[in-house]
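Q: build me a model from this:
(one chain, ligands or ions: 2)
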Amino acid sequence: MNKEISVVIAGPRGKMGREAVKMVEGTKGLTLAAVIDRKFEGQKLADIEGFSSDAMIYTDADQCFTSVKPDVLVDLTTPETGYAHAKAALINDVRPVIGTTGFSSQELEELKQLSSDKKLGTIIAPNFAIGAILMMKFSQMAAKYFEDVEIIEMHHDQKLDAPSGTGLKTAEMIKEQRNSKQQGHPDEKETVTGARGGDIDGIRIHSVRLPGLVAHQQVMFGGDGQLLTIKHDSHDRGSFMTGVRLCIESVIDLEELIYGVENIID
Ligand SMILES: NC(=O)C1=CN([C@@H]2O[C@H](COP(=O)(O)OP(=O)(O)OC[C@H]3O[C@@H](n4cnc5c(N)ncnc54)[C@H](O)[C@@H]3O)[C@@H](O)[C@H]2O)C=CC1
Ligand SMILES: O=C(O)C1=N[C@H](C(=O)O)C[C@H](O)C1
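A: Ligands and ions are numbered 1, 2, ... in the order given. As a prediction, this is how the structure comes out:
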């Protein structure tokens, strides 16, 4: 019989954190051992409006990990905090599942090294939604046949990082599939800075931020007389929770860092 997995969630009062608390509490085989918040040290989550869990609140990640000794950390905070939490988790023998986006490639490399040095699983998941993972995989497939591509990612206006983790990962997956190409007219000039978007190996990426959006992405491929658009929409943060659960269950058996949920599904 599989052992119960004890989970700490960082960022429980955030938009994603609240969903993750509900999911862990409602999932057989998972226990919410504690949470890491910026405030409310020493209180119970149930003391905060909207929660019923008895999980203790810690404001210091190291103290939480040494006292609680959880199996897994799920981080849903901010880029700077998420990186610090992931590092502290690995140092304290806790496996990180990181939904937080906006890490630099150097930070990713450092976590990869630490994870393999400790022989402890880590999952960095730019997007937990199965539909978004398929959208990225389909885009990678399409890139074999269409070399001109632009990514338009659209998010709510409270998002801190641009481009999104999903947009970046999509560009990286497409880059693996196609030869580097400078797109558009060779003499094109921006008369407004940023009009052509970000540039990843010639792939243009555009970030839209508006109230009313949740998380959306279109990958547009252009060819002779045709246009292929691969599109995904998360209308509700519940869309991410099956992926969060899968990552918690999978990270237990890993001994290295996995970047992208597509690497743990068939
Ligand atoms: N991988 C995925 O599928 C998804 C990832 N995300 C990412 O998850 C992160 C969180 O997103 P949201 O929930 O929308 O943001 P949010 O702003 O609603 O929540 C972030 C929470 O982190 C907390 N926080 C900040 N610093 C902290 C600290 N030092 N210790 C403990 N808690 C701290 C804040 O108090 C806040 O409650 C973002 O990086 C976002 O890009 C969001 C949706 C899906
Ligand atoms: O901040 C968000 O909301 C999201 N962040 C992730 C990203 O940066 O790709 C995943 C999803 O798009 C929602």
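Q: which parts of the stretch 151-266 of the chain are helices?
A: With DSSP state H, counting those that start in this stretch applied, the stretch 151-266 of the chain shows helices at 165-177, 241-251, listed in chain order.
Q: how much space separates the residue located most distally from the centre of the chain from residue 224?
A: The C-alpha centroid of the chain is most remote from residue 187, which lies 36.3 Å away (C-alpha atoms, centre = their mean). Distance, residue 187 to residue 224, using C-beta to C-beta, to the nearest Å: 22 Å. The C-beta positions use only the backbone N, C-alpha and C, and glycine is treated the same way.
Q: also residue 143?
A: Look at residue 143 and residue 224: by C-beta to C-beta, they are 16 Å apart.
Q: so which of the two has more stuff around it?
A: The neighbour comparison of residue 143 against residue 224 (other C-beta atoms under 10 Å) goes to residue 143, with 21 against 4.
Q: just list the residues touching the more buried one, thanks.
A: Going by C-beta atoms under 8 Å, 6 or more residues apart in numbering, residue 143 touches 149, 173, 174, 177, 178, 221.
Q: in the stretch 1-150 of the chain, where is pLDDT below threshold?
A: For the stretch 1-150 of the chain, residues meeting the criterion pLDDT under 70 lie at 1-2.
Q: contact partners for whatever residue of the chain ends up closest to ligand 1?
A: Closest contact between the chain and ligand 1, by C-beta to the nearest ligand atom, is at residue 14 (2.1 Å). When contacts are counted by C-beta under 8 Å, 6+ apart, residue 14 touches 76, 77.
Q: and residue 53, by the same measure?
A: 21, 25, 32, 35, 44, 45, 46.
Q: residue 117: neighbour count?
A: Based on other C-beta under 10 Å, the number of other residues close to residue 117 is 9.
Q: checking it next. Helix, strand or coil?
A: Secondary structure, DSSP: H, G, I helix; E, B strand; the rest coil: residue 117 is helix.
Q: how close does it sit to residue 70?
A: When residue 117 is compared with residue 70 (using C-beta to C-beta), they lie 20 Å apart.
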